[in-house]
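Enquirer: Structure for this input, please:
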Amino acid sequence: MGREPAQSYLIALGSNRRHHLYGAPRQILRTAMEELAVLGTVVARSPVIATPPMGPAQRHFANAAALIVSEYDPDALLSGLQQIEREFGRRRWRRWGDRVLDLDIALWSGGAWRSDTLTIPHPGLRERSFVLGPARAIAPQWRDPETGLSVSQLFARLTKSRPTPR
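Expert: The predicted structure is shown next:
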């Protein structure tokens, strides 16, 4: 575990709680995108979008995506992302609850990855427009290693209107 040849990662960011120093969720994500530089080179940042709450969360989310190039392997990068979350005040106690900052590895240039603590692509990637929308803005041609579909294709499949049954 640790440093490897540089690889690219698509990081999904989310926030729906204010922070006493960084402010509202939109500003938290902008600051967090800058903080990702401690783990590698941030090569692209998506716009921040507003999305409805998911699961038991009560507040709307701000979501974004960033592309970083890092020498860390996926497990080491995950540890670094979790450290950034803790520095922003994240406490892991409730799945899908309100949070100051959530950082997930959505995709990796190395393809699929599985360990005790991490699965890439992110298991919810294909069902989450709040990840695919921002990802499409900065990495439309990146491919899901399991389906072979691009981020743009996944987003189109998820968001296409379906005919109503008669």
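Enquirer: Point out where this protein drops to low pLDDT.
Expert: Scanning the chain for pLDDT under 70 picks out 1-4, 55-57, 90-98, 161-166.
Enquirer: for it, what spans make up the strands?
Expert: For the chain, the strands defined by DSSP state E cover 3-15, 41-45, 49-51, 61-72, 102-108, 113-114, 119-120.
Enquirer: Tell me, how many residues neighbour residue 80?
Expert: Neighbour count of residue 80, defined by other CB atoms under 10 Å: 18. C-beta coordinates here come from the backbone N, C-alpha and C atoms, glycine included.
Enquirer: hang on, it packs against residue 39?
Expert: Yes - using CB atoms under 8 Å, residue 80 makes contact with residue 39 at a distance of 4.5 Å.
Enquirer: what sits in contact with each of those two?
Expert: Residues touching both residue 80 and residue 39 (CB atoms under 8 Å, 6 or more residues apart in numbering) are residue 72.
Enquirer: got a markdown table for the strands of the chain, with mean neighbour count and distance to residue 33 too?
Expert: Output for the strands of the chain, formatted as a markdown table (neighbours: other CB atoms under 10 Å; distance: least, CB to CB, whole Å):
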| stretch | mean neighbour count | distance to residue 33 |
| --- | --- | --- |
| strand 3-15 | 20 | 7 |
| strand 41-45 | 15 | 5 |
| strand 49-51 | 15 | 14 |
| strand 61-72 | 23 | 5 |
| strand 102-108 | 23 | 10 |
| strand 113-114 | 13 | 23 |
| strand 119-120 | 18 | 20 |
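Enquirer: OK, contacts around residue 133?
Expert: For residue 133, the contact set (CB under 8 Å, 6+ apart) comprises 49, 63, 155.
Enquirer: Of the residues you listed, which is the nearest to residue 107?
Expert: Closest approach between the contacts of residue 133 and residue 107, by CB to CB: residue 155, at 13.0 Å.
Enquirer: from what I can see residue 59 touches residue 17, true?
Expert: Yes - the pair residue 59 / residue 17 is scored as a contact, 6.8 Å apart, by CB under 8 Å.
Enquirer: More neighbours: which of these two?
Expert: More neighbours surround residue 17 than the other of residue 59 and residue 17, with 19 against 14 (other CB under 10 Å).
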